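S.K.: Would you be able to build a 3D model of this:
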Amino acid sequence: QVQLVESGGGLVQAGGSLRLSCAAPARTFSNYRMGWFRQAPGKEREFVAAISWNGGSLNYADFVKGRFTISRDSAKNTLYLRMNSLKPEDTAVYYCNAIETGAGSFQGIYDWGKGTLVTVSS
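M.R.: Next up is the predicted model:
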């Protein structure tokens, strides 16, 4: 089973920044598009951002465009999400996963990890 480990969450004031990290097995990281999802309390998990295996293609949900930046370090098998201008509505548990596309949407491939909690205070 593929183990994905997210880190970097925390409590931040509105307008602040955080950088999330996701460690993945090398085989998974090098062969797949990777991405971030989030789940706010009482809501379904939603897609946030994705990056192709070579970093050449990026996708973002409309609600994070211009504020969040996804990147990957192949040497470290680590995925990142830089989050700027954070808003209270960004409060959620953030998850990473390898991604497949289907029915016009991005879907996680493997079982979800524990995620990392981001709390944005107003």
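
S.K.: Need the residue closest to the centroid of the chain.
M.R.: In the chain, the residue lying closest to the centroid (CA atoms, centre = their mean) is residue 36, at 2.1 Å.

S.K.: Contacts only, for it.
M.R.: Contacts of residue 36 were listed using CB atoms under 8 Å, 6 or more residues apart in numbering, and they are 20, 22, 48, 49, 50, 70, 79, 81, 94, 95, 96. The way it works is simple: take the backbone N, C-alpha and C, and place the C-beta from them, glycine included.

S.K.: What residues are bridge-paired with it?
M.R.: Residue 36 has the following beta-bridge partners by DSSP bridges: residue 49, residue 96.

S.K.: What are the boundaries of the strands in the chain?
M.R.: Per DSSP state E, the chain has strands spanning 5-7, 10-13, 18-23, 33-39, 46-51, 58-60, 68-73, 78-83, 92-102, 105-108, 116-121. These are given in chain order.

S.K.: lowest-pLDDT helix or strand in this protein?
M.R.: Taking mean pLDDT, DSSP states H and E as the measure, helix 26-31 is the helix or strand of the chain with the lowest mean score, a mean of 84.

S.K.: picking up where we left off before, point out the most buried one among the strands of the chain.
M.R.: Each of the strands of the chain was assessed for mean neighbour count using mean count of other CB atoms under 10 Å. The highest is strand 33-39, with a mean of 23.

S.K.: How far away from the center of its chain is it?
M.R.: 4 Å (CA atoms, centre = their mean, to the nearest Å).

S.K.: could I have it exported to CSV, CA atoms only?
M.R.: These are the backbone C-alpha positions of strand 33-39, laid out as CSV (Å, rounded to 0.1, in the frame of the first residue of the first chain):
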residue,chain,number,x,y,z
ARG,A,33,0.5,13.3,-11.7
MET,A,34,0.4,14.4,-8.1
GLY,A,35,-2.0,16.8,-6.4
TRP,A,36,-3.6,18.3,-3.3
PHE,A,37,-7.2,18.0,-2.1
ARG,A,38,-8.9,19.4,1.0
GLN,A,39,-11.8,18.6,3.2
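
S.K.: Report the beta-bridge partner residues of the residue nearest to residue 10 when sequence neighbours are not counted.
M.R.: Counting by CB to CB, 6 or more residues apart in numbering, the nearest residue to residue 10 once its immediate chain neighbours are dropped is residue 18, at 6.4 Å. In this entry, residue 18 is beta-bridged to residue 83, by DSSP bridges.
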